[in-house]
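> One predicted model, sequence on top.
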Amino acid sequence: HHARKAFFVQLFYQLGIEDIWFLNFFDYRGRNYPVGYLFNPQGTDADKGLLMFEPEPLAGERAKYWLQISIANQWNGEFHGKPLDKQLFGARKVWYDKTIAPILENTPRFEEFFKQIMPFVKTAESPACFLAQVKNAWEIERAENWGITPFVYVITHWDHTASGYQYLGILAGDQKLMKITNIRGGESHYDCYSIIYQELIKAGIPVGYTRNQVKKGAFVPGVYGSEAAPKKLFKYNRELLKIFDKVMNTYAGWRLSRTFIRIWDKESLEYGFHMPDGFYVYKRNKGGRDDKWEEVEVPFEDGVNVTLYKEKFAPNPKSRELGPAFIHSLDGFDARETLRRCFVAPNRVKYLRNVLLHSPKVEQDDPQLERMQKILDQARRFNFYSLRILEELTPSTLSLLTKQEKRIIWKILNELPEKSFQVSEIHDSFGVLPNYTEDLMKQKRLIMASIARSKYLQCVLEEYLKTDVVNVAQCPEWIIEEILTQGRIVA
């Protein structure tokens, strides 16, 4: 694998090819996946360790701090009895200061640094990324000692941890689930799986079942709709299944996830619903049959027919896919919105401010008018104004916005980072230069708060059920304020 990659990189270099494009596609839920096998930002640790962004001057002590935290994340060994990624950022910084910082300070020559850092490389969870990042940290240390500008280039990866559970908690108004998934509670760092496991043990599940067994065999498949997985794990023991159901039903987010099984339309050939940015989630049902293909004779040439195989579609009497589609679509939308917020060119922001400040000059034949109207229709329905609007905002399309909507767009422009930056995004993982870690975290909080204020759950249910849905609770404003000020959205 790596030999082939090295060969092609050298070949491209010899041919004078300077740019390699990482191709991606969106699946039916709007989640981002890489197309290429050899060249993609997801890959193995060794793949990711070779990637970097264009070097930039280090943006002060905070950027250095986040690089140090990321180095601790890549090593992720035991420290004071727990893996580093299960501890607060402060504990990870303590580990770095005790173990890595002395090596960087006392090894002016690279050969000495490499020799002393190799024991940590060999024990690291992600050795290639660890080595790449600690090497950049060593270069920064040398540059500062020599009085020259230090540069940073490594990609530090931050995951939107437990994003599906976080959104289930927000949409269900589940304060308990929101707390144990760290979008409430300030500096606390909870492991939701360990907390739920301890609740189950306290309620009577035998201690012979480990945390990971319960997590992988019951909780994760169960939250995505599986009824068979918990039964299999607990060997169809009715008492244990009652305990499991009783504990899990104390979480409103869990009850919401199970609701999607009950509202599945067993007579429909398809299902779909819009997202706030206009993306349409669409899936045709395959009926759950073994004979999913049918032979079709089609004319070819010279009177000869050829046989093709056409996929069959039919109603599915029972399915658990609606709940995962609902949450993963929200994940995909969150990721798209993150990239839009982080990578708006400064000149574009300046242009948009000018457009908003001046009277619209309407051109009735502007093809963007129709696109803008469709996006605004979704924004008004969801009460969520996606940055997709900015892509269509012109002096002509400005005429479609109300005064209140212009104020909303102006507020969004003021929330954007001072400087746009690259993001390497796959699913719910976001790679940025350490300079922009806090900008990324701020934008993620703003997106989650906007979703909490929106009518996402109500709108999706109404579109799927084709009927009005009433009495859908909204997230309290005081919780939204906690999300904005205390939430640990990425880790």
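That came through, no problem. As the structure is a computational prediction, the values presented were derived from the model and not from experiment. Numbering: from 1, shown residues only.
> Report how many residues lie close to residue 222.
By the criterion of other C-beta atoms under 10 Å, residue 222 has 22 neighbours. Heads up, the C-betas are built off the backbone N, CA and C, glycines and all.
> any idea which element it lies in?
Secondary structure from DSSP states H and E places residue 222 in helix 220-223.
> hey, C-alpha coordinates of that helix in CSV?
Output of helix 220-223 as CSV, limited to C-alpha atoms (Å, rounded to 0.1, in the frame of the first residue of the first chain):
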residue,chain,number,x,y,z
VAL,A,220,-24.7,1.1,20.1
PRO,A,221,-26.8,-1.3,18.0
GLY,A,222,-29.8,-0.6,20.2
VAL,A,223,-29.6,3.2,19.8
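> List of residues touching that helix?
The set of residues external to helix 220-223 that reach it, using C-beta atoms under 8 Å, 6 or more residues apart in numbering, is 164-165, 168, 229-230, 248, 254, 257, 323.
> Try it again at 10 Å.
Under the contact criterion C-beta atoms under 10 Å, 6 or more residues apart in numbering, helix 220-223 has outside partners 164-165, 168, 193, 214-215, 226-230, 232-233, 244-245, 248, 251, 253-254, 256-258, 320, 323-324, 327.
> Contact partners for residue 167?
By C-beta under 10 Å, 6+ apart, the residues touching residue 167 are 160, 177-178, 181, 183, 253, 256, 326-327, 330-331, 334, 448, 451-452, 456-457.
> In helices only, show me those residues.
177-178, 253, 256, 326-327, 330-331, 334, 448, 451-452, 456-457 (DSSP state H).
> got the residues you listed as JSON lines, with pLDDT, neighbour count and distance to residue 203 columns?
Shown next, in JSON lines, are the ones in helices among the contacts of residue 167 (pLDDT from 0 to 100; neighbours: other C-beta atoms under 10 Å; distance: C-beta to C-beta, whole Å):
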{"residue": "177", "pLDDT": "93", "neighbour count": "26", "distance to residue 203": "17"}
{"residue": "178", "pLDDT": "91", "neighbour count": "26", "distance to residue 203": "22"}
{"residue": "253", "pLDDT": "93", "neighbour count": "24", "distance to residue 203": "18"}
{"residue": "256", "pLDDT": "93", "neighbour count": "22", "distance to residue 203": "21"}
{"residue": "326", "pLDDT": "92", "neighbour count": "25", "distance to residue 203": "28"}
{"residue": "327", "pLDDT": "91", "neighbour count": "23", "distance to residue 203": "26"}
{"residue": "330", "pLDDT": "94", "neighbour count": "26", "distance to residue 203": "30"}
{"residue": "331", "pLDDT": "92", "neighbour count": "21", "distance to residue 203": "30"}
{"residue": "334", "pLDDT": "94", "neighbour count": "21", "distance to residue 203": "33"}
{"residue": "448", "pLDDT": "93", "neighbour count": "23", "distance to residue 203": "31"}
{"residue": "451", "pLDDT": "94", "neighbour count": "24", "distance to residue 203": "32"}
{"residue": "452", "pLDDT": "94", "neighbour count": "23", "distance to residue 203": "30"}
{"residue": "456", "pLDDT": "94", "neighbour count": "24", "distance to residue 203": "32"}
{"residue": "457", "pLDDT": "93", "neighbour count": "21", "distance to residue 203": "29"}
